[in-house]
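S.K.: Have a look; sequence and predicted model below, questions after that.
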Amino acid sequence: MVKDLIVHSPVLALFTAALPTVVTTDASDYGLGAVLTQLHEDNTERTIAIASRTLSNAERKYCTIEKEALACVWATEKWRTYLWGRTVKLCTDHSPLTTLLTMKGLGKAGYLIARWSARLLSFNDELEYKPGNQNVIADCLSRLPLPSPDGPPEDEDVIVALITSALTAVTKEQFQAACSACPIQQKLREFLTKRWPSNPKNFDPVLMPYFRVWDERSLLDGCVLRDTHRLLVPEELQSKLIHLAHDNHQGIVRTKQ
């Protein structure tokens, strides 16, 4: 009887890649809880794994929505081995997160949640609202969390790259010298200090992309700007800066940022 119950557990199950996968999360004032389940052919949702942890002193200062968002990110990254590369339903009992942690929430979420949303972009999550009265397992785990002696540091900053002496950035002087020698920037500086042609018919094809945004261009210390903060990179340095941006690659979003 005991052996049969162990082999044919009515609750726990082994992970099966072909079955729909669900991650359900919750957060309390002092802990996080999560449960990984799969929907089987008999329409029963069986548990693959459960997890919980205590919030650090810094995390306890988060508002409710930030704690709930942290639970989503923590659970997804904890079970990365199971979730990577497949569509997963991510359930939370905090309905605003179904927007704020997706592309629909761009520009609406605060800095902290926006940063966590970027971390979720590497997963194919479908966020879904699950009412609190149906979210009993994750809720229980968040209220009775395991201690986290090796948990996250008190500091909220995230280290995204280790910069060593081998990584040499481009100095301001090097950048200005490359701008001065760049033939495209030489022509652009001439137009910016005089006047842009009114008719692009006879315009140099190489400069056409810049003509379309001529009213957004300006000069600063001999360098061409777009808007108020984006420098136009001279041809000589483009490959080097692309290489620097991809060093310790953090994903497409952070690399572009």
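M.R.: Nice, thanks for sending it over. Just so you know, these numbers come straight off a predicted model, no measurement behind them. Numbers count the residues shown, from 1 in each chain.
S.K.: CA only for contacts and neighbour counts going forward, please
M.R.: OK.
S.K.: Report the buried residues of stretch 55-66.
M.R.: 55-56, 59-60, 65-66 (16 or more other C-alpha atoms under 10 Å).
S.K.: can you list the weak-confidence ranges in the stretch 151-257 of the chain?
M.R.: 151-168, 196-203, 212-216, 228, 247-250, 254-257 (pLDDT under 70).
S.K.: Helices of that one, residue ranges please.
M.R.: For the stretch 151-257 of the chain, helices defined by DSSP state H, counting those that start in this stretch occupy the ranges 172-181, 183-193, 208-211, 235-246, 252-256.
S.K.: how about the buried residues of stretch 55-66 in a markdown table, adding pLDDT, secondary structure and distance to Ala17?
M.R.: Compiled in a markdown table, these are given as follows (pLDDT from 0 to 100; DSSP: H, G, I helix; E, B strand; the rest coil; distance: C-alpha to C-alpha, whole Å):
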| residue | pLDDT | secondary structure | distance to Ala17 |
| --- | --- | --- | --- |
| Leu55 | 94 | coil | 31 |
| Ser56 | 91 | coil | 34 |
| Glu59 | 92 | helix | 33 |
| Arg60 | 92 | helix | 35 |
| Ile65 | 92 | helix | 31 |
| Glu66 | 93 | helix | 31 |
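S.K.: Check those and tell me the two furthest apart.
M.R.: Ser56 and Ile65 (16.3 Å; C-alpha to C-alpha).
S.K.: Return the residues in contact with Lys108.
M.R.: Leu100 (C-alpha atoms under 8 Å, 6 or more residues apart in numbering).
S.K.: Now stretch 177-185 - C-alpha only, CSV.
M.R.: C-alpha atoms of stretch 177-185 as CSV (Å, rounded to 0.1, in the frame of the first residue of the first chain):
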residue,chain,number,x,y,z
ALA,A,177,39.0,62.5,-33.1
ALA,A,178,37.1,59.7,-34.8
CYS,A,179,34.2,62.1,-35.4
SER,A,180,36.5,64.7,-37.0
ALA,A,181,37.9,62.1,-39.4
CYS,A,182,34.6,60.5,-40.3
PRO,A,183,33.6,61.6,-43.9
ILE,A,184,29.8,61.3,-43.1
GLN,A,185,30.1,63.5,-40.0
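S.K.: if I look at Val233, how far off is Lys194?
M.R.: Separation of Val233 from Lys194 (C-alpha to C-alpha, to the nearest Å): 22 Å.
S.K.: what about these two, which has more around it?
M.R.: Counting neighbours by other C-alpha atoms under 10 Å for Val233 and for Lys194 shows that Val233 has the greater number, 19 against 9.
S.K.: How many residues are close by the closest residue in space to that one that isn't next to it in sequence?
M.R.: In this structure, Val233 finds its nearest non-sequential neighbour in Cys179, 7.6 Å apart by C-alpha to C-alpha, 6 or more residues apart in numbering. By other C-alpha under 10 Å, 23 other residues sit near Cys179.
S.K.: was I right about Cys179 contacting Pro234?
M.R.: Yes. Between Cys179 and Pro234 there is a contact at 5.4 Å, judged by C-alpha atoms under 8 Å.
S.K.: For those two, list the residues in contact with both.
M.R.: Contacts common to Cys179 and Pro234, judged by C-alpha under 8 Å, 6+ apart, are Gln185.
S.K.: mind listing the strands in the chain by residue range?
M.R.: 21-27, 31-39, 45-54, 87-92, 124-129, 217-220, 223-226, 230-231 (DSSP state E).
S.K.: mean pLDDT for the ones you listed: which is lowest?
M.R.: The minimum mean pLDDT among the strands of the chain belongs to strand 217-220 (a mean of 74).
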